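>>> next comes the sequence, and after it the predicted model I'd like to discuss.
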Amino acid sequence: MPDTKHSRLRRWGATTVAAVLGATTLAACGSEDAKDSQAESGPASLTYWTWAPGMDKVVDLWNKGPGKEQQITVTVKKQASGDTLVTKILTAHKAHKAPDLVQAEYQTLPTLVSNDALADISGDVDGAKSKFADGVWQQTTLGSDAVYAIPQDIGPMMFYYREDLFKKYGLTVPTTWEQFAETARALKKKAPDKALTTFSANDSGLFAGLAQQAGAKWWTTSGDKWKVGIDDAATRKVADFWGGLVKEGVIDNQPMYQPAWNKALNTGKQIAWVSAVWAPGTLTTAAPDTKGKWAMAPLPQWSDSDDVTGSWGGSSTAVTTDSKHRAAAAKFAAWLNTDPKAVAAMAKEGGIYPASTSAQLSDAFTQPPAFFSNQPDFYTKASQIAKTTAPSAWGPNVNVAYTSFNDAFGAAAKNKSDFGAALTRMQDTTVADLKKQGFGVAQ
Amino acid sequence: MSSLAVRKAAPAAGTTPGTAQGPPLRRRIALVPTLTLLLGALYCLLPVAWVVIASTKSGRELFSTFTFLPGTGFTQNLRDLDAYRDGIYWKWMGNSALYAGLGALLSTAVSALSGYGLAIYRFRGRETVFGVLMAGVLMPPVILAIPQYLLLAKADLTDSYASVLLPLVLSPYGIYLARIYATAAVPGDVVEAGRMDGASEWRIFTRVALPMMVPGLVTVFLFQFVAVWNNFLLPYIMLSDDEKFPITLGLFTLLEQGSNTPALYTLVITGAMLAVIPLIALFLIIQRFWSLDLLSGAVKS
């Protein structure tokens, strides 16, 4: 990481960890990375922190197959997902004890890279790039020549709706957001006790994905400065659109994943959900009585000529700078996410939707998810939608922006007040935090 | 001579006037405290009731039926929990028992020794040592978890059973409690008498002082046991191998499985319910030791 941007990132990293962990003394422990001089020959034993269920079984395939030939053994250590895992990785990294491999959500990569926790594996993963859509791959390079991770799973966004209830109320599936608003109004007129969907302020990933679809770029760099575009025109359009619907009262304003939300989906009080490819799993537990009654369609577009979606969720496999066998670890990461057998096993055991484009059409995805047995072409459609994913632009303090979103939009949704003001607050908080961490911020 | 006996007598004397006033007044006064206590009990017990009832619900019933209506899935939940990754839940339960049991035992032993030492011996810097310990009491263990991790990482001890046990051994609060208790329960005269009879300091401690300190130490043990059983951050930072996880961490991994896998709510709830049982059992069993309090206070002066 030669350029000034990254050295700034690194300095920011040291202070952040200290702040996050509440122990300022940590800043003194600089991380001297042992540069790529490791001896790569001989047997390697690697540890892998991951949260995907059943990953131990997938890794068994490696340990008994290619891993055995190359004398590279991988041990899975199952972790809990989320921001806490990032903190844990950074803490371990401070002690030079991070595992060789980690699973990391895309939006956490800049944070991990700025703390110098992830190794550049561009030299060890030739040919991997071609297996992924450009928009997906770009997230692991952070716009540089380096490669900090191999994409594992993705969450292209889609529109889910109750097929039976749409028919009952004579609604058509909206293809534009304008139609989406009309559909919400039409439903409210026909069945005042129902709502098309809800605007939920408890998962920032949803809003980030919607903004991404509209063309927002929340974090960009210009020269050696960060530029934060959270209140850019695209995001403002999205915020105003949803804020308008909430204010009008045609959609609900209750958060997702709460018992009340589960109930609303299960009883058909809410008849649609803007979600991502993993929605069938969530619906299975949230609305068990509605099996076979849902259908999936592409996300509504901002104009008729568009064909683009955002992404919500998804993660990658990264090699840490603490690994003594970086090339071996990179080899495993590439195998895990591109080998047809490995990806099929991950899909079967862990229920993931693979980032690898060829895997999306493999045997594992010929059948629709059990909850969507009424839509046989579910995964064919999903892979087409995945191709239209807009590129994302994550920065080093996504967690701050997300927390600010929860606060500002949570209040705005509850009070049905101006979403634009909430967006301004989110922008200001994020910029202020970047400045506080010692970054140059371009206006 | 026994200050404990005096202290015990004092509150009793304080309540006598109230008792002497006769039953009607007493009943009227007791109404407000009773109601407050009942409210408190309700506040504490409602979540427990929720967990117990929710653990009987199947995944389908969990969010769709009335909250306090028992479900039909209890045995299935137990079976699922038992089957989850070849019964790793029981492994976590065993780990929790090890961390909490051994950890509390070790820390009680250290607390007893240091508390006794601080209470009985007069040496230079005694109050300084005690002052530092008091500062330790005020320091939340959460703040210490990261430095402890970095320290143990230097010794190459992270991700081991020792990494969770070692930081628990020294409990400032336990030592503080043991000192206060030893001051009150172990009369200096008794120690003096032991010395006159030619007993070694170790013998006085083990044979004379320790039995007197038992009720206090039981309290220290229970406090530590519960604290370790419920501890989250320390093992979270220290451990990466989920075969060594205690229950708190294990259940957390069941909840946070990533966005594409739904949280295993029924398993977590059933697991949490089962995890409370050992604590309740422990309290019921150890309760009897507290009654010793009265006996040990009765030292003749």
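On my side now, so go ahead. As the structure is a computational prediction, the values presented were derived from the model and not from experiment. Numbering: from 1, shown residues only, chains lettered A, B, ... in the order given.
>>> switch to C-alpha atoms for all contacts and neighbour counts from now on
Will do.
>>> where does the one residue in the stretch 151-300 of chain B that gets nearest to chain A land in three-state SS?
In the stretch 151-300 of chain B, the residue that lies nearest chain A is residue B:253 (4.2 Å; Cα to the nearest Cα). Three-state assignment for residue B:253 (DSSP: H, G, I helix; E, B strand; the rest coil): helix.
>>> so what's the spatially closest residue to it that is not a sequence neighbour up against?
Leaving aside its chain neighbours, residue B:253 sits nearest to residue A:80 (4.2 Å; criterion: Cα to Cα, 6 or more residues apart in numbering or on different chains). Shown in contact with residue A:80 (Cα atoms under 8 Å, 6 or more residues apart in numbering or on different chains): A:50-51, B:252-258.
>>> okay if I get these as TSV plus pLDDT and distance to residue A:379?
Converted to TSV, the contacts of residue A:80 look like this (pLDDT from 0 to 100; distance: Cα to Cα, whole Å):
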residue	pLDDT	distance to residue A:379
A:50	94	25
A:51	92	24
B:252	92	31
B:253	90	28
B:254	87	27
B:255	85	27
B:256	84	25
B:257	79	22
B:258	72	20
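>>> hmm, the residue of the stretch 151-300 of chain B closest to chain A is touching residue A:82, no?
No. Using Cα atoms under 8 Å, residue B:253 is not in contact with residue A:82; the gap is 10.3 Å.
>>> those two: which has the busier surroundings?
residue B:253 (22 against 16; other Cα atoms under 10 Å in any protein chain shown).
>>> show me the contacts for that one.
A:51, A:78-81.
>>> now for the residue nearest to residue A:211 when sequence neighbours are not counted, how many residues are close by?
By the measure of Cα to Cα, 6+ apart, the closest residue to residue A:211 outside its immediate chain neighbours is residue A:235, 5.0 Å from it. Using other Cα under 10 Å, residue A:235 has 25 other residues around it.
>>> and the closest residue to residue B:53 other than its chain neighbours, what is it in contact with?
Excluding its sequence neighbours, the residue lying closest to residue B:53 (Cα to Cα, 6+ apart) is residue B:70, at 5.3 Å. By Cα under 8 Å, 6+ apart, the contact list for residue B:70 reads B:53-54, B:56-57.
>>> can you redo the residues you listed as TSV with secondary structure and neighbour count?
Listed next are the contacts of residue B:70 as TSV, based on DSSP: H, G, I helix; E, B strand; the rest coil; neighbours: other Cα atoms under 10 Å in any protein chain shown:
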residue	secondary structure	neighbour count
B:53	helix	20
B:54	helix	26
B:56	coil	23
B:57	coil	26
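>>> would a markdown table of the residues you listed with distance to residue B:266 be doable?
Formatted as a markdown table, the contacts of residue B:70 follow (distance: Cα to Cα, whole Å):
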| residue | distance to residue B:266 |
| --- | --- |
| B:53 | 11 |
| B:54 | 8 |
| B:56 | 9 |
| B:57 | 7 |
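>>> from those, pick the one nearest residue A:98.
The shortest approach to residue A:98 among the contacts of residue B:70 belongs to residue B:54, at 38.0 Å (Cα to Cα).
>>> show me the contacts for the closest one.
Residue B:54 neighbours (Cα under 8 Å, 6+ apart): B:62, B:67-68, B:70-71, B:266, B:269-270.
>>> backbone dihedrals for residue B:94, please?
phi -60, psi -40 (degrees, to the nearest 10).
>>> and the stretch 101-250 of chain B, which residues reach chain A?
Contacts of the stretch 101-250 of chain B with chain A, taken as Cα under 8 Å from any Cα of the partner chain, map to B:143, B:146-147, B:150, B:153-154, B:237, B:240-242.
>>> residues in contact with the closest residue to residue A:349 other than its chain neighbours?
Spatial nearest neighbour of residue A:349, excluding adjacent residues (Cα to Cα, 6+ apart): residue A:54 at 4.9 Å. Residues near residue A:54 by Cα under 8 Å, 6+ apart: A:346, A:349-350.
>>> what does residue A:318 give?
Going by Cα under 8 Å, 6+ apart, the list of residues near residue A:318 reads A:101-104, A:118-119, A:148-150, A:330, A:333.
>>> just give the nearest non-adjacent residue to it, would you?
In space, residue A:318 is closest to residue A:149, 4.2 Å off (Cα to Cα, 6+ apart).
>>> related to what we said a few turns ago, out of the contacts of residue A:318, which are inside helices?
Mapping the contacts of residue A:318 onto helices (DSSP state H) picks out A:330, A:333.
>>> end to end, how far does stretch B:129-149 reach?
24 Å (Cα to Cα, to the nearest Å).
>>> list the buried residues of it.
The neighbour-count check on stretch B:129-149 (16 or more other Cα atoms under 10 Å in any protein chain shown) flags B:130, B:133, B:137, B:141, B:145-146, B:148-149 as buried.
>>> can you tell me which of the contacts of residue A:318 has the most neighbours?
Highest count within these by other Cα under 10 Å belongs to residue A:150, 33 neighbours.
>>> circling back: tell me the pLDDT of the residue nearest to residue A:349.
With respect to pLDDT, residue A:54 scores 88.
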